[in-house]
Structures are given as C-alpha cells and as structure tokens.
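Asks: okay, structure incoming, though there's no sequence with it:
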C-alpha cells in the first residue's frame, strides 16, 4: 500500500456529479408532465367558477375581484339570478321569452333519477358478473369473457344512445309502459337508466373482479376446510374481503352515470320535467348543456352563462362522488400479510 | 356401517360412540395411495395407519409430498384441477374418494390449520363461529365460541374484544384463532400444515403446548419442517423422502433413536435433505 497518493476508490463527488445532474433533469421532466394534469384541472375549475359567477351576478369573478381591489370597498354586485332561485325553483326554462326561470331542481332530479335507476341495473348485474368471473368461471371461460366485457366498456356512448333509441325504448320500455297503461314517447327516464346501467356494468364487474381475484387463496381454503360450499365462500368470505374495491367500483359507476351525456340524451330526452315517473321524458344536467350549446345564444347572456352554473353543479356532484370513493377505500381497506 | 353413513350425510354431530372408541383405533388409513399433479408424481404408494387421538408428525425434506398427503385427507386437493389420486384413503374405513362422499361433509369431520395464519376479515367471534354457522350448529354459538377459544388457549387474551377484527391480533394469536376456528365445530381429526413455521419461537412454543392438549380430544396430524418439534410433540412419526415415498412410520422415539432405514437416519442426523 502506497502512502504518498490519496486513495480514490471512486466514491467522490466528481464521479457522482454527472449522474446526479441527469437524475435532476429526469425528475423535472416527470414533474412537468404531472403538473399538466394538475394545472388543467385547476384551469377548468377556474373557468367554470369565473363564468358561473357571472350567471348569478353581472360580472365575472375576476372582474369583481379587480374592481374591489381598485376602490378598496367591499361591495356586492347586482344579482341576475338568485342563488335561492337556482336551488329552489322547480322550473327550468331559460329561453322563455317573457318569464325565463332557472331552477336547477328538475335537471338535478333528472340526473339523479337516471343515476339511481342505472345503479339498480349495474350494481346487481356487475357484482354477480364479478363473482362469476372470479370464483366460478374456469380459466378458459374467463379468458374469453373478460375481454368481451372490456369491449362492452369500449363502445362509444353515442352507439349506446342509438341502442336505446332503436331497441330499449321500443322493445322493452314501450311494452312495459303499455302494461301499466302508459304510452311511452320517444324518450323516457327508464330508457336512460337502463342504457346507462348497461354501460356501467363492465366498470362494476371489471373493478370488482380485480378486487375479488386479489383476495388471497389462503382465505378461501380456510373456509373450504371448514366445510363451506362455494357459494358461501363467495358471499361470506370473498365479498367481505374485497368490499373496499367493490364499493369503489359502485361509486365510480355512479360518478360515471352522473356525468354521462350522449346516451342519456338519446334515451331520456331533453324536456325538463320534474317527475318521478320513469316513463316520462326528462332532461339531465348534461343533456341541457348539449341542448343549450346547439341553440343560438349570445355570449355573456344569462342563458349562456347558465351553462357554466350547471357545469359547476355537475362538477361538484362528481367531485363529491370521488371524495366518497377515497373515504370508502381508506375506511374499508383490509391489510393482508 | 353406521359410521360410513354419518360421513356422507350433512348431519355431522359427533356421536358418543365415536368419542369413546378405543384410543388405538385407526382413524385415517392410506393404502397404496398415489398422487399425481399432471405428469409429476407427488406421492408413491403410501401405506399408513394413523391412530386415533394421538399426534402423528409427518416430516421430510421440501417437496417430498408431506403437504400433499395432508391435503388428501380432507380432499383439499380437489381444488387443484391437475391433481389425480389413485389408491385408497379411508376415514373410519370409508374411502373418502368414493363417489358418494361429499367433500363438504368430510371437511366437517376433519378440521385444518394452515401454514400462514388466515383469519377472515371478520370479528374474532365471527371467525370462530364461521364453521358453526356453515355446519348449521347455530344453537349456543356464544358458548361454543368460548369453549373453542379456551381450547385454543386464546380466551383469556381476547375475552373483552370478541367484536374486534381477527386481523388486529398478533401472528401467534391469529394462528390460535385459526385453531379455535377449526375445533369449534368439534371435528374428529385436526390437520396442521406447518402451523408454527410463520411464527416467532415464543408463539410457536405456545402452539406446541396446545397441540399436546388437543390430542386428548382430537386426532392430530401435523406436517412440520422442524425435526425437534416432531420429536417433542408427536407420538408417531412418518418420514417422507423425495419422490413422495413414505420411508418409515413408527413411534416417534423409535424413529429418532433407532430407525430401521439408513436414509431416515441420514435425514434425521442432517446428512440428507
């Protein structure tokens, strides 16, 4: 061992520097891509809020802020549509010449009617499909069934709309209405529920099946060894053990149903009736937005700005669903070793 | 044969006659038992008579078919599609692979404890009561749950928290919970597949103490990697060697002190496997 040169086993800063720089560059690149998503979300919310503010008052939120900052006095802008009216009025007729009314209740009720109806279709069928695929189907069957299910998820929603218009309404809902002595028109809330329900079955089934398949076999064997039959193992062990994923799939399906547009438009129609009768034509929040953007409106008019108010309300509903989803996931998470 | 009849019905109450039968009677007998997984042979011509209410240890190197044998007894191998079984494996003289045997009814007579503690994501009470509910024994559930937890030496530790999740217990407690779950429906045979291998030594020692107590009421068949454990707790020992061959089966003392087969001696003294 020589003592006149300092030892250099390759662990000094000079050696590591280049690598550290590359590391930093990669981190920045990845962070940049991530920021795009976050910034887009913030921007969308800002535009919605800014414009919705103009629906209720006479100016945009940012104009109001600037105005307030300019003369340093707190003032409330003149109201155009009262918040009270928006949330309690039971009529939605924004383009009425003499007496336009902006009550979101009929639209929100339409959305909820379709969403709840869809949940009655997608949750039982989706859960049963997931249990079958995870617990009963042979690997061969599953190999074909799961991709088929995913194809169902990939069909454009407008195609589901045609399906509702040409099949669900005339073949299923029409005769069903006739049974109750109700003549069903071209559109009905029930058709909307059924078609959105069918659309969201793959989502429920696929996510639930993933959750069920990841339940460790040790649990199943424990139950089989106690003399449990297959259906009991499925219902009393696998389902409870996978409940957080299964619940998450329900909430995602509901969230999807709330935001669903094209199929609902073609199935449920665009007439803002406040009704509990599933055979009636209704208008969901999304359907209104499509319908409104087709008509001729002046930018900045109350009618035009109502789009943003409804959009913001819709945004809040799906956001709530997502928050509930997060909570459920954390609340019911089971830890397996 | 009344005993074979009781095997295939779903009414699985253990009769007094069975409980008072002579201790040396054979409960589980294999006769020319062979098991294949696809093309691969896991057990070769196994003959064994397992006596009632004793601890029978099954030892041998990895992949020698110990667990396969255990899983044949309660037909857990049915879950594996490629598994093929030839020869006889009888429970009280009835071949468990006969067409008229219902594996679900069989498993109500033969409990099992696994290598890794596998409590259900349910409360401690519901874990122990699971087998009772499955088997339709819904009367006196609380008393039976308590009895099973006492039998598994866990009652004192969980008495006040029967409604908390079984997953909140420590590993050793979880394994005793699984033992309680297995004995709650009062089976005749208890199969244990390396029940202490995932536990720390203190927890393992508790389970070992428990096994000696269990043998007063149940026929215990335990697979273990740990030869000292087999020597400590078992009455009889079966040694399987690679290829799924049962090389020697005798009183534990004989196996460990004076085995007939040279390969067994080599294995026990650590020269093989």
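Replies: Noted; the coordinates are in hand. Owing to the predicted nature of the structure, the values given are computational and were not obtained by experimental measurement.
Asks: please enumerate the helices of the stretch 51-200 of chain A.
Replies: According to DSSP state H, counting those that start in this stretch, the stretch 51-200 of chain A carries its helices in the segments A:61-71, A:83-88, A:105-131, A:139-154, A:157-163, A:174-179, A:189-213.
Asks: for chain B, find the nearest of the ones you listed.
Replies: Nearest to chain B, of all the helices of the stretch 51-200 of chain A, is helix A:139-154, at 8.7 Å by C-beta to the nearest C-beta. All C-beta spots, glycine's among them, are computed from the backbone N, C-alpha and C.
Asks: for the helices of the stretch 51-200 of chain A, which one ends up most surrounded?
Replies: helix A:189-213 (a mean of 25; mean count of other C-beta atoms under 10 Å in any protein chain shown).
Asks: so it, near chain B or not?
Replies: No: shown here: helix A:189-213 not in contact with chain B (C-beta under 8 Å from any C-beta of the partner chain), separated by at least 12.5 Å.
Asks: and the angle from that helix to helix A:139-154?
Replies: Relative orientation of helix A:189-213 versus helix A:139-154 (axes from the mean of the first three to the mean of the last three C-alpha atoms, to 10 degrees): 140 degrees.
Asks: burial measure for residue A:289, as a count.
Replies: Residue A:289: 19 surrounding residues under other C-beta atoms under 10 Å in any protein chain shown.
Asks: which element is it on?
Replies: helix A:285-294 (DSSP states H and E).
Asks: quick one: buried residues of that helix?
Replies: With burial defined by 16 or more other C-beta atoms under 10 Å in any protein chain shown, the residues of helix A:285-294 counted as buried are A:285-289, A:291-292.
Asks: surely residue B:173 is within a helix?
Replies: Yes: assignment of residue B:173 by DSSP: H, G, I helix; E, B strand; the rest coil places it within a helix.
Asks: so what's the backbone phi/psi at the one residue in the stretch 1-150 of chain A that gets nearest to chain B?
Replies: Residue of the stretch 1-150 of chain A nearest chain B, by C-beta to the nearest C-beta: residue A:138 (8.3 Å). Phi and psi for residue A:138, reported as degrees, to the nearest 10, are phi -70, psi 160.
Asks: how near is it to residue B:81?
Replies: According to C-beta to C-beta, to the nearest Å, residue A:138 and residue B:81 sit 8 Å apart.
Asks: quick revisit: now the helices of the stretch 51-200 of chain A as a markdown table including mean pLDDT?
Replies: What follows is those, written out as a markdown table (pLDDT from 0 to 100):
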| stretch | mean pLDDT |
| --- | --- |
| helix A:61-71 | 83 |
| helix A:83-88 | 88 |
| helix A:105-131 | 95 |
| helix A:139-154 | 89 |
| helix A:157-163 | 93 |
| helix A:174-179 | 90 |
| helix A:189-213 | 94 |
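Asks: can I take it that residue B:207 is in a helix?
Replies: Yes: assessed by three-state DSSP, residue B:207 belongs to a helix.
Asks: right, and it touches residue B:177 too?
Replies: No: if you go by C-beta atoms under 8 Å, residue B:207 and residue B:177 don't touch, sitting 11.6 Å apart.
Asks: so for those two, which sits in the more crowded spot?
Replies: Taking other C-beta under 10 Å, residue B:207 and residue B:177 do not tie; residue B:177 has more neighbours (26 against 23).
Asks: show me the contacts for the more buried one.
Replies: Neighbouring residues of residue B:177 by C-beta atoms under 8 Å, 6 or more residues apart in numbering or on different chains: B:117, B:119, B:124, B:127-128, B:149, B:152, B:154, B:158, B:166, B:169.
Asks: neighbour-wise, which of the residues you listed leads?
Replies: Busiest of the contacts of residue B:177 [other C-beta under 10 Å] is residue B:128, holding 32 neighbours.
Asks: quick check: closest non-adjacent residue to it.
Replies: Among residues not flanking residue B:128 along the chain, residue B:145 sits closest, at 4.5 Å (C-beta to C-beta, 6 or more residues apart in numbering or on different chains).
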